[in-house]
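Trainee: coordinates for the following, if possible.
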Amino acid sequence: MDQSYSKEDNLIGPITSTDSIYNEYTYRNAITGDSRFLYYQLKTSILSAESIDIIVSFLMESGVRLIIDDLRRALDSGVKIRILSGNYLGITQPSALYLLKKELKSQIDLRLYNNLHKSFHPKAYIFHQKNDGEIYIGSSNLSYGALTSSIEWNYRLARSSNDKDFYTFWNAFEDLFYNHSYVVTDEV
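Mentor: Next up is the predicted model:
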């Protein structure tokens, strides 16, 4: 089978019959949890972000512990961070919320989705940069396994390559964040 590709196919290079799909010839915007995991992409994107929006159906303490230092460094550099999560299937760990509040205090805007009659299952990490933006959207919640070792499929969408889709996702985030959530306080 002929597998020649052009740059427009978004490949780094051609895949031949002897190449593994797990090597350096994989799609550069596709992260499939085989040899490339989302955490390392997020870490790079955090460094260039001016603001960060995270929307995940649940938060696990293991995931928060993994990225807390990266988020703290971003906050120290003046990056604005908003996190919207839910309690989908009762999975969000209160310890994850406590950890975020304890370590990052009021520097982040942390909210929970509040519609009990609708399933809440999004997973996206949105980075706004000076001249561009990017969204990683896919199957990874904020847990250690999802970000580092599990088979999770995520896709990176750059604002510069498709601003209509970028803004569709970001506007949906804005609506959910401001109109369908509540602030996580010590009482919550």
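
Trainee: for Ser85, which non-adjacent residue is spatially closest?
Mentor: In space, and not counting its chain neighbours, Ser85 is closest to Leu59: 4.8 Å by CB to CB, 6 or more residues apart in numbering. C-beta here means a position set from N, CA and C on the backbone, and glycine is covered the same way.

Trainee: do you know the pLDDT at the spatially most central residue of the chain?
Mentor: Centroid check for the chain by CA atoms, centre = their mean gives Tyr125 as the closest residue, at 2.6 Å. You'll see Tyr125 listed with a pLDDT of 98.

Trainee: list the contacts for it?
Mentor: Leu38, Leu42, Ser45, Ile52, Asp53, Ile54, Ile135, Tyr136, Ile137 (CB atoms under 8 Å, 6 or more residues apart in numbering).

Trainee: among these, which ones are in helices?
Mentor: Leu38, Leu42, Ser45 (DSSP state H).

Trainee: excluding chain neighbours, what is closest to the second one?
Mentor: The shortest distance from Leu42 to any residue that is not its chain neighbour, by CB to CB, 6+ apart, is 5.8 Å, and that residue is Tyr125.

Trainee: surely the one you found forms part of a strand?
Mentor: Yes: counting by DSSP: H, G, I helix; E, B strand; the rest coil, one finds Tyr125 located in a strand.

Trainee: what's the spacing between it and Ser139?
Mentor: Separation of Tyr125 from Ser139 (CB to CB, to the nearest Å): 12 Å.

Trainee: for the residue nearest to the centre of the chain, give its distance to Asp186.
Mentor: Distance from Tyr125 to Asp186, counting by CB to CB: 26 Å.

Trainee: need the strands for the chain, in chain order.
Mentor: 30-31, 51-56, 80-85, 108-113, 123-128, 133-138, 154-158, 181-183 (DSSP state E).
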